[in-house]
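Trainee: For reference, the sequence and a predicted model appear below.
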Amino acid sequence: MVHGNHNDSSKFVRIGLALNHEGNLLLVVKDVGAGFKPGEVSLPLGNRLMIARGRGILIKELMDEVTFSFKHGTGVRLKLRLSPDGLLG
């Protein structure tokens, strides 16, 4: 809401969550924001780790796969492989 929609409650954020046939947890978040250039956003490490904003990009370090899309808004697709018993690996 803060980055993509600038706290405008009239704009939507869509969230989807699924477990696929391979046992991967999939999460998709989409807003109507203009987007950004993922390759130009540096990881907030060191003394930047405690800044008030901009730590969301760290999700790339926590997920097995992160892809961004910028068609009709901004979307992020996260994939996390679960262990065979369904727990975090």
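Mentor: Perfect, thanks for sending it.
Trainee: any idea how far the spatially most central residue of the chain is from Gly33?
Mentor: If you average the C-alpha coordinates of the chain and look for the closest C-alpha using Cα atoms, centre = their mean, you land on Val76, 4.7 Å from that point. Here Val76 is placed at a distance of 11 Å from Gly33 (Cβ to Cβ, to the nearest Å). The way it works is simple: take the backbone N, C-alpha and C, and place the C-beta from them, glycine included.
Trainee: circling back to that earlier point, backbone phi and psi for the residue nearest to the centre of the chain, please?
Mentor: Here is the backbone geometry of Val76 (degrees, to the nearest 10): phi -130, psi 130.
Trainee: C-terminal to the helix or strand bottoming out on mean pLDDT in the chain, what's the next element?
Mentor: Lowest on mean pLDDT, DSSP states H and E among the helices and strands of the chain sits helix 59-62, with a mean of 78. Sequence-wise, the next helix or strand downstream of helix 59-62 (DSSP states H and E) is strand 65-69.
Trainee: Paired strands for that next one, with orientation please.
Mentor: Based on DSSP bridges, the strands next to strand 65-69 in the sheet, each with its direction, are strand 74-81 (antiparallel).
Trainee: how far out from the middle of the chain is the partner strand?
Mentor: Here the centre of mass of C-alpha atoms in strand 74-81, compared against the chain's by Cα atoms, centre = their mean, to the nearest Å, lies 6 Å away.
Trainee: Tell me which residues of that strand come out buried.
Mentor: Of the residues in strand 74-81, Thr74, Gly75, Val76, Arg77, Leu78, Lys79 count as buried by neighbour count, 16 or more other Cβ atoms under 10 Å.
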